[in-house]
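Asks: I would like the atomic coordinates for the input below:
(one chain, ligands or ions: 1)
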Amino acid sequence: MLKGNIDRLDAEKISDFLNDNNIKPLVYDVIDSTNLELKRRIQSGDTEYRLIAADKQTMGRGRLGRSFESPERTGIYMSLLLIPDDMDNVLLITSAAAVAVCRAIRKLTDAEPVIKWVNDIYLNGRKICGILAEGTPDKNGKLNIILGIGINVFGDHATFSGEVRDIAGSIYGLEDVEKINRNELVAAVADEFAAIYNNIGSRKFLDDYKRFSMVIGKSVRYCDNGIWYEAEAVDIDGNGGLIVESGGGIRTLSTGEITLRLI
Ligand code: BTN
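Replies: So this is what the prediction gives:
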């Protein structure tokens, strides 16, 4: 049961917590999807707000055409606008975001979230965060990237629907709503991401990606084009790809349409 008050997300409060003054936040109480809202703005030429967050989404979007349950105020739903100069490091963006989320949560709480390749964040065996990067051209045809991050901050997994209930979790239970300030968490994720993104070509963040990985050294099953394979996950390559070994052969899974399960 919910004990205490959960503050609303608030653009001014997020700004106060942000170190990076270039990030201007905009907050909605309710929106269909922060990724969709940013896409509409990019396409209409309005790139004033580099961070859009919402207390609730009615059409939260997930990977592989899935939806992302986004109940009111118990999570944070945020999208960052990125305008890359070149396409060299675009494939690294979701891995960088996964590291940024882990660093932010580790900084503000005692929790030690881990990364399930490629971009899901887990805590105590449950998924607490999903990341969805989408590309869209701006008015002049230049590719912009919308980096969407959804974190279940407070909650009871029993309140999620259907199959999500078996997988989803939260950082804290509903009795612990005083333990973290969501405005501070939004700012910390944005700042941690900006710190990595400003130097993304160095790939230094991949050290933490490996350190936080819950997959390396484990037996996995992965589905590629409808076929399931079994392998050992052995390493992460310089592009965030997962190196797997099976029957003496090595293969690198790239950040595409692959579904991965731990055995
Ligand atoms: C996944 O786990 O499949 C990715 C989920 C990404 C959810 C976030 S919430 C904020 C942003 N807006 C969306 O509609 N989706 C992303």
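Asks: The nearest residue to I31 once chain neighbours are set aside - how many residues pack around it?
Replies: Using Cβ to Cβ, 6 or more residues apart in numbering and skipping residues adjacent in sequence, the residue nearest I31 is A54, 4.4 Å away. In this view, the C-beta of every residue, glycine as well, is placed from N, C-alpha and C. Here the number of neighbours of A54 (other Cβ atoms under 10 Å) works out to 26.
Asks: Which secondary structure elements does the helix or strand encompassing A54 sit against?
Replies: Per DSSP states H and E: A54 is located in strand 51-57. Packing partners of strand 51-57 (3 or more Cβ pairs under 8 Å, 6 or more residues apart in numbering; DSSP states H and E): strand 25-31, helix 34-43, strand 75-82, helix 182-197.
Asks: So for it, mean pLDDT?
Replies: For strand 51-57, mean pLDDT is 98.
Asks: and the residue in the stretch 51-200 of the chain positioned nearest to the ligand, what does it touch?
Replies: Here the residue of the stretch 51-200 of the chain nearest the ligand is G130; by Cβ to the nearest ligand atom that distance is 2.0 Å. Residues in contact with G130 (Cβ atoms under 8 Å, 6 or more residues apart in numbering) are G62, R63, F68, N119, D120, I121, I149, G150.
Asks: let's see it at 6 Å
Replies: Applying Cβ atoms under 6 Å, 6 or more residues apart in numbering to G130 gives the contacts G62, F68, D120, G150.
Asks: Who is the spatially closest residue to it that is not a sequence neighbour paired with across the strands?
Replies: Computed as Cβ to Cβ, 6+ apart, the closest residue to G130 that is not its neighbour in sequence is G150, at 5.2 Å. Counting by DSSP bridges, G150 forms beta bridges with Y77, G130.
Asks: Please verify my assumption that G150 contacts F68.
Replies: Yes - between G150 and F68 there is a contact under Cβ atoms under 6 Å: 5.2 Å.
Asks: So between these two, which is more surrounded?
Replies: G150 (25 against 21).
Asks: Tell me the predicted confidence for that one.
Replies: You'll see G150 listed with a pLDDT of 98.
Asks: cool, the one 3 residues further on as well?
Replies: The predicted local distance difference test score for V153 is 97.
Asks: Dihedrals phi and psi, it?
Replies: The phi/psi pair for V153 (degrees, to the nearest 10) reads phi -90, psi -50.
Asks: What residues does the stretch 1-150 of the chain have near the ligand?
Replies: Counting by Cβ under 6 Å from any ligand atom, the positions of the stretch 1-150 of the chain adjacent to the ligand are 33-35, 57, 60-63, 66, 68, 77-79, 120, 130-132, 148-150.
Asks: repeat that for 8 Å
Replies: 32-36, 54, 57, 59-64, 66, 68, 70, 75, 77-79, 119-120, 127, 129-132, 148-150 (Cβ under 8 Å from any ligand atom).
Asks: Only whichever of the residues you listed are buried, select them in ChimeraX.
Replies: The following ChimeraX line selects those of these that are buried, judged by 16 or more other Cβ atoms under 10 Å:
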select :32,33,34,35,36,54,57,60,61,62,63,68,70,75,77,78,79,119,120,127,129,130,131,132,148,149,150
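Asks: about what we covered before: let me see the contact set for the residue nearest to G130.
Replies: Residues in contact with G150, defined by Cβ under 6 Å, 6+ apart, are F68, Y77, G130.
Asks: likewise K13?
Replies: N183.
Asks: Swap in 10 Å and give it another go.
Replies: Counting by Cβ atoms under 10 Å, 6 or more residues apart in numbering, K13 touches D7, P25, V27, N181, R182, N183, E184, V186, A187.
Asks: Filter those residues down to the buried ones.
Replies: P25, V27, N181, R182, N183, E184, V186, A187.
Asks: now the strands for the stretch 151-263 of the chain?
Replies: In the stretch 151-263 of the chain, the strands defined using DSSP state E, counting those that start in this stretch lie at 219-224, 227-236, 242-246, 249-253, 259-262.
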